[in-house]
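Asker: my questions concern the predicted model and sequence given below.
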Amino acid sequence: MDKTKFTFTVFFDGTFYQGVYERDDGRKYEVSRIVFGNEPKDYEVYEYLMRNFVKMQFSPYFAADETAERHINPKRMQRLIKKQTANIGIGTKAQQAIKAMHEQNKILSKKSKRLRKIEKKEQIFIIKQEKKKEKRKGH
């Protein structure tokens, strides 16, 4: 039976509040980043996730760590939860995934920018050709 593990972390990076949504199903690990700006309330985060989950862009997936789930003592579990909530920020694996997503978006942006530039040049060329034809007609 496959279990999917979701983690959502909100942290302050010095300028803005950001949210990092991690999704791990045992085989692949994906991350999405959300910039909130001002400190979001719990209900604002929940509402945002409900409205925009379908539109969220996730990083290219990484192979997830194959760690077997084992029974953890409840007191140990509470200590681990307390330690995670005290820790500010996100893990290195999430940072790597966000970096990969950023690089992918940068490549897509360059491609679309280049296509727009080529289309603009073609449009200018067509306009110049039409002007030449108009001059020859002797209007």
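Answerer: Cool, got the structure. Residues are numbered from 1 along each chain as shown.
Asker: switch to C-alpha atoms for all contacts and neighbour counts from now on
Answerer: Fine.
Asker: so what touches the one helix or strand in the chain whose mean pLDDT sits lowest?
Answerer: When the helices and strands of the chain are compared on mean pLDDT, DSSP states H and E, strand 62-63 comes out lowest with a mean of 71. Contact partners of strand 62-63, identified using CA atoms under 8 Å, 6 or more residues apart in numbering, comprise Arg27, Lys28, Tyr29, Glu30, Ala97.
Asker: mark which of the residues you listed are part of strands, please.
Answerer: When DSSP state E defines the strands, the subset of the contacts of strand 62-63 inside them is Lys28, Tyr29, Glu30.
Asker: the first one and Thr7, how far apart?
Answerer: Translated: Lys28. Look at Lys28 and Thr7: by CA to CA, to the nearest Å, they are 14 Å apart.
Asker: which one's more surrounded, those two?
Answerer: A direct count of neighbours by other CA atoms under 10 Å for Lys28 and Thr7 places Lys28 higher, at 15 against 10.
Asker: was I right to think the more buried one contacts Pro60?
Answerer: No. Between Lys28 and Pro60 there is no contact under CA atoms under 8 Å: 9.5 Å.
Asker: ok, back up a step: if we only consider the ones in strands among the contacts of strand 62-63, which is nearest to Asn73?
Answerer: Tyr29 (26.0 Å; CA to CA).
Asker: and that closest one, what are its bridge partners?
Answerer: Asp24, Phe62 (DSSP bridges).
Asker: okay but it is in contact with Tyr61, surely?
Answerer: Yes. When contacts are counted by CA under 8 Å, Tyr29 is listed as touching Tyr61 (5.3 Å).
Asker: which one's more surrounded, those two?
Answerer: Neighbour count, other CA under 10 Å: between Tyr29 and Tyr61, Tyr29 has more, with 23 against 16.
Asker: spit out the contact partners of the more buried one.
Answerer: Shown in contact with Tyr29 (CA under 8 Å, 6+ apart): Glu22, Arg23, Tyr61, Phe62, Ala63, Ala64.
Asker: which of the residues you listed sits closest to Glu103?
Answerer: Nearest to Glu103 among these: Tyr61, at 13.5 Å, using CA to CA.
Asker: could you check how far that closest one is from Asn105?
Answerer: Tyr61 is 14 Å from Asn105, where distance means CA to CA.
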